[in-house]
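Student: Okay, here's the prediction I keep looking at, along with the sequence it came from:
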Amino acid sequence: MKTTMTLCAAAVATAMMAACGTTGTQPSGSSAAPGSAATIATAMVPAKTAMQLEKLDRGAVAVRGSDGTLVSWRALATDAPGLAFNVYRDGKKLNAEPLATSTSFNDAAGGTGAYEVREVVNGTEGAASKALAIDGFLTVPLRRPDGGKTADGKEYTYNANDASVADLDGDGQYEIVLKWDPSASQDNCCAGFTGNVLLDAYKLDGKLLWRVNLGPNIRAGAHYTQFQVADYDGDGKAELIVKTADGTRDGTGKTIGDAGANWVSGSGEIEQTDRTGSRRTEDGKLMASFAGRILKGPEYLSVFEGATGRVLDTIPYPSKRGDVDKGGDNPGGDELKARWGDAYANRSDRYLAGTAWLDGKRPSAVFARGYYARTTIAAVDFAGGKLKQRWYFDSEAAGVPKGYSGQGNHQFSVADVDGDGRHEIVYGAMALDDDGKPLWTTGMGHGDAMHVGDLDPARPGLEKWGVHENMAMARNRGAAMVDARTGEVLWSTAAAKDTGRGATGDIDPRFPGAEAWSAASPNLFDAKGNVIAQARPGQMNFMAWWDGDLQRELLDGTKISKWNWQAGRADVLLDAQGAASNNGTKSNPALSVDLFGDWREEVIWRAADNNSLRIYSTAIPTTHKLTTLMHDPQYRAAIAWQNTAYNQPPWPSYYIGEGMPK
């Protein structure tokens, strides 16, 4: 069944907003004066796109809150003009007139009744959707794996880690793909043996569909396994694509490659220059241990059937650790260091992944290797039951301009930055066009966080807000707002050292566009770089649309907070007690996503005991109606790449915030 859809957006208009409040210095190159009226440019909502979208049901939910029960459902990109809805509780209609301008209804007298949403076309009721009841949060029971012992005898347990969602079986509902991370997982800088990484698929009621065991030759850690889930072949059911190795077992128990192979290094060490993870000898040398690292052996890329976990095809991993002319899989230490910058796989085994609509029609999987020095990126399609490479980029290849190595982040973003209907890859401080060719580089080097969206709606196109680590490369710019089409630096904030955190979002309704802040400055900036407050949020990990207005909220750890711009503080809206965030100080949820209900986002956290996932959905009414964010291809792509390394929040291709076009 072909599920390609055409997205028709509502007409967009130009709106005006008045900026007011405290202002600061105007950066050079910024066109709007502090305190002046600012025009919101026509939103970057495409009038039409041929990009394949999922065929989703209404995703109706009934969330009990302090003011009753909020019933909400999806507006789909394929909805006919004039479509309206009726809401029922226990068979009794609750609304006086069909709801045409909203996809939510608050039942003030609501309790434990059964809710249903029915479509209304020209006054006649049609398809009905039963609402999923949520009281506080939805619990998804997990089949937690038993722990084990590493090769050197250390015991480990499993923690539920990052997740993704997709329609795996074609029923119009989302399933969850979850990564199990062993407590013995390691960062690339450090030696040590790990347990196996596992990938599970669950229905929302907790039914386990399958488990893929990546095996002993995939090292566990945030930078190793980046899994992508989407409907790559357009059959209405999603697939899983992930890096595999000898000993990987699919959801049916079939082994990929040599089941008995062991490519894990047992011992040895080498002199290095990196302080982190090293051992200093008496004569002052820094030594890196090989123990637990994987420096040799075949690497694969495999695609698995979403409904069963059955492996469908396996190819050699496109980005080799060694020179392809020399075999690629088993480089010596000198070759590894010459190619990547070290001989112990700290740099060569930094993997990233994403999903992008590179041809403007169907999604492709994008898998990358390296970002501190050499960078290789491959786009792969899945069609006719086979994986096939679309293109390959090597920052050190002949013909590639200087300045594309060492520019990557711990994640990349996907967006149509040039408005041609095809996605580009924003790889930290550089970007590739949809055909894999260099588009631009700022030369400002690696960073830990970035956001790509219509952050400044007064400008045409998209912007990228990111932080930077190497002050020599960044020329002492700790954070910068960049034109996502050209790479032009629009404005920046000064820093003398690594700026490890930064975020952006419309958190102050007085100023047009998204505000921006980072660890490099105590100030809060508007979209033009003007200082609008001397206090900024301490939270700078994730963002989420949660309450009833168009501003975005702060998601950090297990709390969602509202920026109180009058008082200069963050007020907690949700404290998910009993839940736990992931990845240490990164404090990210398993997933933040518009999973069901109206356009606002759900947050999936693991329970602290790792025996379940908890899905939180807002119970706050809203007067705003937007199409489900999952029918915006940029946002949908962001849900696919969100699990990659240092997770970042998803952004749509258009502006959502105060003053957005109706």
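Tutor: The structure has been received and is ready for your questions.
Student: So which residues of the stretch 201-350 of the chain form helices?
Tutor: Secondary structure of the stretch 201-350 of the chain (DSSP state H, counting those that start in this stretch): helices located at 333-340.
Student: Could you list the low-pLDDT ranges of it?
Tutor: Counting by pLDDT under 70, the stretch 201-350 of the chain has no low-confidence residues at all.
Student: And the strands in it, which stretches?
Tutor: 208-213, 228-230, 239-245, 269-272, 279-280, 286-289, 299-305, 311-316 (DSSP state E, counting those that start in this stretch).
Student: Just give me the neighbour total for the residue nearest to Ile615 when sequence neighbours are not counted.
Tutor: Leaving aside its chain neighbours, Ile615 sits nearest to Leu138 (4.2 Å; criterion: C-beta to C-beta, 6 or more residues apart in numbering). Just so you know, the C-beta spots here come from the backbone N, C-alpha and C atoms, and that holds for glycine as well. If you count neighbours by other C-beta atoms under 10 Å, Leu138 ends up with 22.
Student: and Leu138, what element?
Tutor: strand 138-141 (DSSP states H and E).
Student: Need the residues that contact that strand.
Tutor: 132, 176, 202, 204-206, 607, 611-615, 617 (C-beta atoms under 8 Å, 6 or more residues apart in numbering).
Student: and with 10 Å instead?
Tutor: Under the contact criterion C-beta atoms under 10 Å, 6 or more residues apart in numbering, strand 138-141 has outside partners 61, 63, 132, 160, 163, 176, 178, 202-208, 595-596, 602, 604, 606-607, 611-617.
Student: I'd like to know which of the residues you listed are buried.
Tutor: Among the contacts of strand 138-141, the ones that count as buried by 16 or more other C-beta atoms under 10 Å are 61, 63, 132, 160, 163, 176, 178, 202-204, 595-596, 602, 604, 606-607, 612-617.
Student: Go through those and flag which are in helices.
Tutor: Assigned to helices by DSSP state H, none of the buried ones among the contacts of strand 138-141 qualify.
Student: which ones are touching Gly370?
Tutor: Counted by C-beta under 10 Å, 6+ apart, Gly370 has contacts 319, 321, 339-341, 347-352, 376-377, 394-396, 405-406, 408.
Student: Would you mind splitting this structure into its domains for me?
Tutor: Domain segmentation of the chain under automatic domain parsing yields 1-48+461-539, 61-135, 147-257+302-317.
Student: so what strands line up beside the helix or strand following the strand holding Leu138?
Tutor: Using DSSP H and E, the helix or strand that follows strand 138-141 towards the C-terminus is strand 148-149. Sheet pairing of strand 148-149 (DSSP bridges) gives strand 155-156 (antiparallel).
Student: and the strand it pairs with, how far out from the chain's middle?
Tutor: The chain centre lies 29 Å from the centre of strand 155-156; the measure is C-alpha atoms, centre = their mean, to the nearest Å.
Student: which stretches of the stretch 451-600 of the chain form strands?
Tutor: For the stretch 451-600 of the chain, strands defined by DSSP E, counting those that start in this stretch occupy the ranges 463-467, 477-483, 489-494, 502-505, 515-518, 524-525, 531-533, 542-544, 553-556, 559-564, 569-575, 579-580, 591-593.
Student: Quick check: the residue nearest to Ile615 vs Asp57, distance?
Tutor: Distance, Leu138 to Asp57, using C-beta to C-beta, to the nearest Å: 16 Å.
Student: go on, Gln534?
Tutor: 48 Å.
Student: between these two, who's got more neighbours?
Tutor: Ranked by neighbour count (other C-beta under 10 Å), Gln534 and Asp57 place Asp57 first, with 16 against 12.
Student: just checking, that one touches Gly172?
Tutor: Yes - Asp57 is within contact range of Gly172, at 3.8 Å (criterion: C-beta atoms under 10 Å).
Student: hey, what's in contact with both of these two?
Tutor: Ser129.
Student: Can you classify Met630 as helix, strand or coil?
Tutor: Using DSSP: H, G, I helix; E, B strand; the rest coil, the three-state assignment for Met630 comes out as helix.
Student: Let me see the contact set for it.
Tutor: Taking C-beta under 10 Å, 6+ apart, one finds 53-54, 56, 59, 74, 76-77, 165-166, 174, 593-596, 599, 636, 639, 650, 652 in contact with Met630.
Student: ranking the strands of the stretch 201-350 of the chain by burial, who's on top?
Tutor: Most buried of the strands of the stretch 201-350 of the chain, by mean neighbour count (mean count of other C-beta atoms under 10 Å): strand 228-230, with a mean of 28.
Student: Name every strand pairing with that one and say which way it goes.
Tutor: Here strand 228-230 has these sheet partners by DSSP bridges: strand 239-245 (antiparallel).
Student: Pro460 and Tyr635, how far apart?
Tutor: 20 Å.
Student: should've said Gln173
Tutor: With C-beta to C-beta as the criterion, Gln173 and Tyr635 are 18 Å apart.
Student: Neighbour count: those two, which is higher?
Tutor: Set Gln173 next to Tyr635 and count neighbours by other C-beta under 10 Å: Tyr635 wins out with 22 against 17.
Student: show me the residues around that one that make contact.
Tutor: Tyr635 touches 414, 453, 593-594, 601, 628-629, 650-654, 656, counting by C-beta under 10 Å, 6+ apart.
Student: repeat that for 6 Å
Tutor: Contact analysis of Tyr635 by C-beta atoms under 6 Å, 6 or more residues apart in numbering lists 629, 650, 652.
Student: contacting residues around the last one?
Tutor: Residues counted as contacts of Pro652 (C-beta under 6 Å, 6+ apart) are 629, 632, 634-635.
Student: ok, those vs Pro81, which is closest?
Tutor: Nearest to Pro81 among the contacts of Pro652, counting by C-beta to C-beta, is Asp632 at 18.9 Å.
Student: Can you give me the neighbour number for the closest one?
Tutor: 28.
Student: what does Ala131 give?
Tutor: Neighbours around Ala131, by other C-beta under 10 Å: 25.
Student: Make sure it is actually in contact with Tyr115.
Tutor: Yes - with contacts counted by C-beta atoms under 6 Å, Ala131 reaches Tyr115, the gap being 3.9 Å.
Student: between those two, what contacts are shared?
Tutor: Contacts common to Ala131 and Tyr115, judged by C-beta under 6 Å, 6+ apart, are 62, 71.
Student: rewinding a little: make a markdown table out of the contacts of Tyr635 and add distance to Arg390.
Tutor: Converted to a markdown table, the contacts of Tyr635 look like this (distance: C-beta to C-beta, whole Å):
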| residue | distance to Arg390 |
| --- | --- |
| Leu629 | 26 |
| Pro650 | 23 |
| Pro652 | 25 |
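Student: so who does the residue nearest to Arg279 when sequence neighbours are not counted touch?
Tutor: Distances taken as C-beta to C-beta, 6+ apart place Met287 nearest to Arg279, at 4.7 Å, with adjacent residues excluded. Applying C-beta under 6 Å, 6+ apart, we find Met287 in contact with 269, 271, 279.
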